[in-house]
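> no sequence on this one, just coordinates:
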């Protein structure tokens, strides 16, 4: 089953936010690759069937080849639903900046 087949119909913004905060609490930061993977997992980004097509897509980095995995923002989002995010677990207290 491909990533296209697994993509949720609607983005799960709450799940995405909770996953970001969980990763943040563990590391006091989130890596770009983690955010990208979570955006796919929760349907914020959805894969395009057939992948990259140089005739229709713009590759800002210039290294994508025809058929490479390619994603677009899932615009089927309901941005009016409130998000319920947990409070910080005190990451700031363990930050070197907190003791300066």
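The structure has been received and is ready for your questions. Fair warning: this is a prediction, and the values are worked out from it, not measured in the lab.

> tell me the confidence at residue 90?
Residue 90 is assigned 54 on the pLDDT scale.

> typo on my end, residue 73
For residue 73, pLDDT reads 86.

> which stretches of this protein have low pLDDT?
Within the chain, the ranges that satisfy pLDDT under 70 run 1-8, 26, 76-100.

> now do the strands in it.
45-47, 71-73 (DSSP state E).

> among those strands, which comes closest to residue 14?
strand 45-47 (16.3 Å; CB to CB). Just so you know, the C-beta spots here come from the backbone N, C-alpha and C atoms, and that holds for glycine as well.

> pick the most buried one from the strands of the chain.
Neighbour counts (mean count of other CB atoms under 10 Å) averaged over each of these peak at strand 45-47, with a mean of 19.

> that older thread, how about the strands of the chain in a markdown table, adding distance to residue 59?
Shown next, in a markdown table, are these (distance: least, CB to CB, whole Å):
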| stretch | distance to residue 59 |
| --- | --- |
| strand 45-47 | 15 |
| strand 71-73 | 12 |
